[in-house]
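> Got a sequence here, can you model it:
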Amino acid sequence: MARTSLPRPTNAELDILRVLWQRGACTVREVQEALHQAKPTGYTTVLKMLQIMTDKGLVRRDERQRAHVYEPQLAQEQTQQQMVSDLMERVFNGSASSLVMQALATKKTSASELSEIRKILDDVERGRQ
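Okay, here's the model as predicted:
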């Protein structure tokens, strides 16, 4: 599988990406209004962030309309996979088991999450047989 490697988004960029993943393509105003619900965020700040994110390749800008429309370059799952892979390499020397064990030890895991993890492990094991 070919991996598209983009720069790691900052926390502020992830906030914007979450809005775009949840709502789909948005104008600067729509992103700003969504972010403003959680904490005061200015229009020009969001505009500048989206311009930077476009330059970094994190979002695409559609300039066909008067109000530019932005959408994520990658799907949420692709971004998450890329960030986990980077974290695993940088912090855990490429060890998936160390990453998972630390994640499970760091925060209480619900029964439904453990069940989902078991299902994923079963699927992985079946795929290797």
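
> So what does Tyr70 look like in phi/psi?
With angles defined as degrees, to the nearest 10, Tyr70 sits at phi -110, psi 140.

> since we're on it, how many residues are nearby?
For Tyr70, the number of neighbouring residues by other CB atoms under 10 Å comes to 26. Glycine gets a C-beta too; all of them are placed from N, C-alpha and C.

> Isn't it up against Leu50?
Yes: here Tyr70 reaches Leu50: they are 5.3 Å apart, a contact under CB atoms under 8 Å.

> Give me the common contacts of those two.
Val28, Val31, Val59, Arg61 (CB atoms under 8 Å, 6 or more residues apart in numbering).

> wait, is Arg61 part of a strand?
Yes: with DSSP: H, G, I helix; E, B strand; the rest coil as the criterion, Arg61 is part of a strand.

> on that earlier part again, out of the shared contacts of Tyr70 and Leu50, which is nearest to Gln37?
Val31 (11.3 Å; CB to CB).

> which residues does the closest one contact?
Ile16, Val19, Leu20, Val46, Leu50, Tyr70.

> would JSON lines of those residues with pLDDT and distance to Val100 be doable?
Shown next, in JSON lines, are these (pLDDT from 0 to 100; distance: CB to CB, whole Å):
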{"residue": "Ile16", "pLDDT": "98", "distance to Val100": "29"}
{"residue": "Val19", "pLDDT": "98", "distance to Val100": "29"}
{"residue": "Leu20", "pLDDT": "98", "distance to Val100": "29"}
{"residue": "Val46", "pLDDT": "98", "distance to Val100": "35"}
{"residue": "Leu50", "pLDDT": "98", "distance to Val100": "34"}
{"residue": "Tyr70", "pLDDT": "97", "distance to Val100": "34"}
